[in-house]
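1. the amino acid sequence is not available; the structure is as follows:
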């Protein structure tokens, strides 16, 4: 479980970096925000 959380965090950081660098698709950002909403309750 801990490994999965760390893995997700790594992906999230990487995606955040990519988005802040290129800002490729608003749809992708929307998906990320939605994913964050789902992830938050699981974390806490």
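-> That came in fine, so what should we check first? Small disclaimer: the values here were computed from a predicted structure and weren't measured.
2. give me the packing partners of the helix or strand encompassing residue 11, helices and strands only.
-> In the assignment (DSSP states H and E), residue 11 maps to helix 2-22. Applying 3 or more CB pairs under 8 Å, 6 or more residues apart in numbering; DSSP states H and E, one finds that helix 2-22 contacts helix 26-43. Placement of C-beta: from N, CA and C, glycine included.
3. where in the chain is the helix or strand with the lowest mean pLDDT?
-> Lowest on mean pLDDT, DSSP states H and E among the helices and strands of the chain sits helix 26-43, with a mean of 69.
4. tell me the pLDDT of residue 14.
-> With respect to pLDDT, residue 14 has a value of 85.
5. now do the contacts for it.
-> Going by CB atoms under 8 Å, 6 or more residues apart in numbering, residue 14 touches no other residue.
6. where's it relative to residue 7, distance?
-> Relative to residue 7, residue 14 is positioned 11 Å away (CB to CB, to the nearest Å).
7. buried residues, stretch 9-24. List them.
-> If you call a residue buried by 16 or more other CB atoms under 10 Å, then stretch 9-24 has no buried ones at all.
8. from the centroid of the protein, which residue is nearest?
-> The chain has residue 12 as the residue nearest its centroid, 3.4 Å off, counting by CA atoms, centre = their mean.
9. what residues are up against that residue?
-> Residues counted as contacts of residue 12 (CB under 8 Å, 6+ apart) are 32, 36.
10. just use 597 as the starting number from now, easier for me
-> Sure, I'll start numbering at 597, so the last one becomes residue 608.
11. and it, how close does it get to residue 629?
-> 11 Å.
12. appreciated, that's everything.
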